[in-house]
Every structure is written in C-alpha cells, then in structure tokens.
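> predicted coordinates and the sequence they were generated for:
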Amino acid sequence: MDKQILMDLVTKTMPFGKYKGRLLCDIPEHYLVWMHGQGFPEGKLGMWLNTLYEIRLNGLEDILIQLKKLKHT
C-alpha cells in the first residue's frame, strides 16, 4: 500500500457533508458503509474513502492509529 495514501487518511479532512472538517480516518464506519452503497465520489477523495473502507472492513485500523500518533510527535 502507498504510504502517502495512508498519511493522507490521517491528515486530510472531509470536504463536505455531515462530517465536513473531520479527519478522514475519524469518519465513522457506518458512514463509509453507506457511502460504499451509494458509490464513492470521483478522484482522490473517493480513492481515500474507498481505502479507508477497506482498512476498516479488514480490521486494520491499528495502522491509522499508529500513524496518527506519529503525526503528533
């Protein structure tokens, strides 16, 4: 997996909707599941959200937790 994509998930914020301004990695799973059903947006945002969905689906959230900790050090 591309390290930059993972870093983007812990540094970029949601640009619209109910979770506007929240870090992508902090978007609740139920919203990602809903968005997966609706179809992710085009472009980088869609790729980030789809990647986050896959991370959550496969129980790999610890990767993001560790990256968030590194970001604050």
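Good, I have the coordinates. Since the model is a prediction, treat every value here as computed from it, not as a measurement. Numbering: from 1, shown residues only.

> could you pull up phi and psi at Tyr19?
Here is the backbone geometry of Tyr19 (degrees, to the nearest 10): phi -110, psi 20.

> now for the closest residue to it other than its chain neighbours, how many residues are close by?
Take Tyr19 and drop its neighbours on the chain: the residue closest to it by C-beta to C-beta, 6 or more residues apart in numbering is Ile27, 5.1 Å away. (Glycine included, C-beta is placed from N, CA and C.) As a burial measure, Ile27 scores 22 neighbours (other C-beta atoms under 10 Å).

> surely Ile27 touches Met14?
Yes - with contact defined as C-beta atoms under 8 Å, Ile27 reaches Met14; the gap is 6.1 Å.

> now do the phi/psi pair for Gly21.
Here is the backbone geometry of Gly21 (degrees, to the nearest 10): phi 90, psi -10.

> isn't it right next to Met14, touching?
Yes - counting by C-beta under 8 Å, Met14 is a contact partner of Gly21 at 6.7 Å.

> neighbour-wise, which of those two wins?
Higher neighbour count among Gly21 and Met14: Met14, with 18 against 8, using other C-beta under 10 Å.

> tell me the contacts of that one?
If you count contacts by C-beta atoms under 8 Å, 6 or more residues apart in numbering, Met14 has them with Lys20, Gly21, Arg22, Leu23, Leu24, Ile27.

> what separation do you get for the fourth one and Gly39?
It refers to Leu23. The spacing between Leu23 and Gly39, counted by C-beta to C-beta, to the nearest Å, is 22 Å.
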